[in-house]
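Participant: The amino acid sequence is not available; the structure is as follows:
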Ligand SMILES: [Cu+2]
């Protein structure tokens with residue numbers, strides 16, 4: 001009888017959560033003695049309005065910056081996360097495919113976030129290798 005009550009309480013909690021905006025976590029893994037550098041999960045599929053939070057899983061410096069993003073959307077460029085537990089969040093508003101990497105470990109750490117439907121190749125803006133840290137938001141026009 002006790003077991004039935006617990007199950008019911010869990011079900012209520014799940015249905016009480018808002019269905020329109022979810023939060024996802026991506027770990028920035030750098031187990032350097034094993035040469036293991038990656039984002040986990042590397043590929044994520046979410047819906048517009050959802051938030052992705054990247055969290056530094058070890059004491060190493062990581063960031064996230066887009067390599068490509070859907071036409072009509074904006075790229076992103078996080079500050080450097082230098083300590084274990086530091087995190088950075090981004091709310092994805094526009095459908096499509098976002099490709100990103102960690103600048104210090106660009107060859108090892110890359111990932112994608114697909115928002116809603118993936119973009120067709122022709123609808124993706126590939127970013128040049130500019131690294132504009134700092135006042136990034138101000139450089140974009142409002143929409
Ligand atoms: Cu990194």
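Facilitator: Yes, it's here. Everything numeric in this text was worked out from a predicted model, so none of it was measured.

Participant: mind checking how far residue 68 is from the ion?
Facilitator: When C-beta to the ion, to the nearest Å is the yardstick, residue 68 and the ion sit 18 Å from each other. Any C-beta I mention is one placed from the backbone N, CA and C, and that applies to glycine too.

Participant: Repeat that for residue 49.
Facilitator: According to C-beta to the ion, residue 49 stands 27 Å off from the ion.

Participant: okay but that residue is in contact with residue 90, surely?
Facilitator: No - using C-beta atoms under 8 Å, residue 49 is not in contact with residue 90, being 11.8 Å away.

Participant: And the helices in this structure, which stretches?
Facilitator: Counting by DSSP state H, one finds helices in the chain at the ranges 2-16.

Participant: which residue packs closest to the residue positioned nearest the centre of it, ignoring adjacent ones?
Facilitator: Among the residues of the chain, residue 52 comes closest to the average C-alpha position under C-alpha atoms, centre = their mean, at 4.3 Å. Beyond its immediate neighbours in the sequence, the residue positioned closest to residue 52 (C-beta to C-beta, 6 or more residues apart in numbering) is residue 24, lying 4.9 Å away.

Participant: Spell out which parts of the protein neighbour the ion.
Facilitator: For the chain, the residues in contact with the ion (C-beta under 5 Å from the ion) are 62, 102, 104, 105, 109.

Participant: how about the residues you listed, which pair is most distant?
Facilitator: In those, the most distant members under the criterion C-beta to C-beta are 104 and 109, with 8.3 Å between them.

Participant: Please consider this matter closed, and thank you.
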